[in-house]
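Chemist: Give me coordinates for this.
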Amino acid sequence: MSPETGEVLREFKNNHVGTDDEKKGSFVGMFIHDRHLCVCTSTGDLSYTPLKSRKNETKTVLELGPNIEIMRGHPTQTHIFAIGGKERDLCIYDIKAIAKSKKEREEIDAAGPNKNTSAHKKKTTRTAGLIFQAKNVKNDFLDLQQPVWIHDLQFVNKEATKVAVATHYHQFRLYDTKAARRPITNIEIGKHPIKVLSIGTDFNHVLYADTMSEVGMLDVRTGKRAAQFKGFTGAATDLVTVPLPTFDQDETTKQRHVASVSLDRFLRVHETATVYRKLEDKAYLKQRLTCVLVDEDFEYPVPKVKTEEEQEEEEEEALWESMELAKDRKRKH
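Modeler: Presented below is the predicted three-dimensional model:
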């Protein structure tokens, strides 16, 4: 879609998403890599389609399995993405390796039947492109397995080795792929499921929102709460920091705001410069919105401030224009 005109430039159809009985999937994430559109559904169908493809249907390259709730790509290393869901612990994939494995499987199929072909397919389908698979935390005091239900996740470092996760069981977890398969940080926040997780004022902080009205910011290094945003009367459905942080160290000095939408139909803007995190503005938008997207390059046209000389000239011109001509006055008599 064109951001300037709103015109749809390219449209693709995914056969795994719909409202009928056969298509029960929904979109859980998408990103662009190497002029390809990568899309994942809740049923685990991962598609990798060239943007210039003549076909209007997406091309499935891997089956990731059911019950996926989130898929998110790395902001700079766009070939790396992570998934999570209900009883689906964190997994990190490389789309380059997936595409390469897909090509190898097609070559095997073209070579003809083989007694090892089916076993090879089964093995490569599950592990193709997988570079990290998380391990659940230890069993509880009753030796029962801890449930896993990931709602949202974020990459928090440039190397794509640290991933922050928010769960249905109001847990915040931080994974370091270089350290261990289990989370290096595992804390509980509040009493309600955490549905939204986004990058905060920098990549050392993350914003979170639960299913009630709590919105806050955590320090991923310590696991402690760094701020709380007030003024919400409904659950926040999306949070975004403006301008969005980058991995450039010079960006830390910028003044940032937090924009949010919630189920109470309000768009809110909070400041982050003071410890109070004051609500600077809000607007009623009539709809229950689920996402907020900010165009950081757009600048609202500010009216030009006129000088005293320009104002005097305009007043003088207006005065002369309001006067009647002498010939017009004669015609009236």
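Chemist: Give me the below-cutoff pLDDT ranges for the protein.
Modeler: Confidence mapping of the chain against pLDDT under 70 gives the ranges 21-23, 105-126, 249-253, 302, 325-333.
Chemist: at 50 what do you get?
Modeler: For the chain, residues meeting the criterion pLDDT under 50 lie at 120, 123-124.
Chemist: At which residues are the helices of it located?
Modeler: Secondary structure of the chain (DSSP state H): helices located at 95-111, 117-127, 308-322, 326-332.
Chemist: how does the chain divide into domains?
Modeler: Using automatic domain parsing, the domain parsing of the chain gives 12-150, 189-333.
Chemist: So for the shortest one, first residue to last residue, what's the gap.
Modeler: The stretch domain 12-150 measures 28 Å between its terminal residues, going by Cα to Cα, to the nearest Å.
Chemist: Same check on stretch 222-236?
Modeler: 24 Å.
Chemist: now swap in stretch 56-65 and tell me
Modeler: First-to-last residue span, stretch 56-65, Cα to Cα: 24 Å.
Chemist: That stretch: how far from the chain's middle?
Modeler: Per Cα atoms, centre = their mean, to the nearest Å, the displacement of stretch 56-65 from the mean C-alpha position of its chain is 21 Å.
Chemist: what sits against His151?
Modeler: When contacts are counted by Cβ atoms under 8 Å, 6 or more residues apart in numbering, His151 touches 69-70, 166-168, 193-197. Placement of C-beta: from N, CA and C, glycine included.
Chemist: Most neighbours among those residues, please name it.
Modeler: Counting by other Cβ atoms under 10 Å, Ala166 has the largest number of neighbours within the contacts of His151, with 28 neighbours.
Chemist: Surely it is in contact with Ser198?
Modeler: No. The criterion here is Cβ atoms under 8 Å, and Ala166 misses it with Ser198 at 9.8 Å.
Chemist: Pull up the overlap in contacts between the two.
Modeler: Asp152.
Chemist: Need the nearest residue in space to Val148, chain neighbours excluded.
Modeler: Asp89 (5.0 Å; Cβ to Cβ, 6 or more residues apart in numbering).
Chemist: now that neighbour: how far from Ala164?
Modeler: Here the criterion is Cβ to Cβ, to the nearest Å. By it, Asp89 lies 14 Å from Ala164.
Chemist: and what of Lys178?
Modeler: For Lys178, the distance to Ala164 - Cβ to Cβ - is 15 Å.
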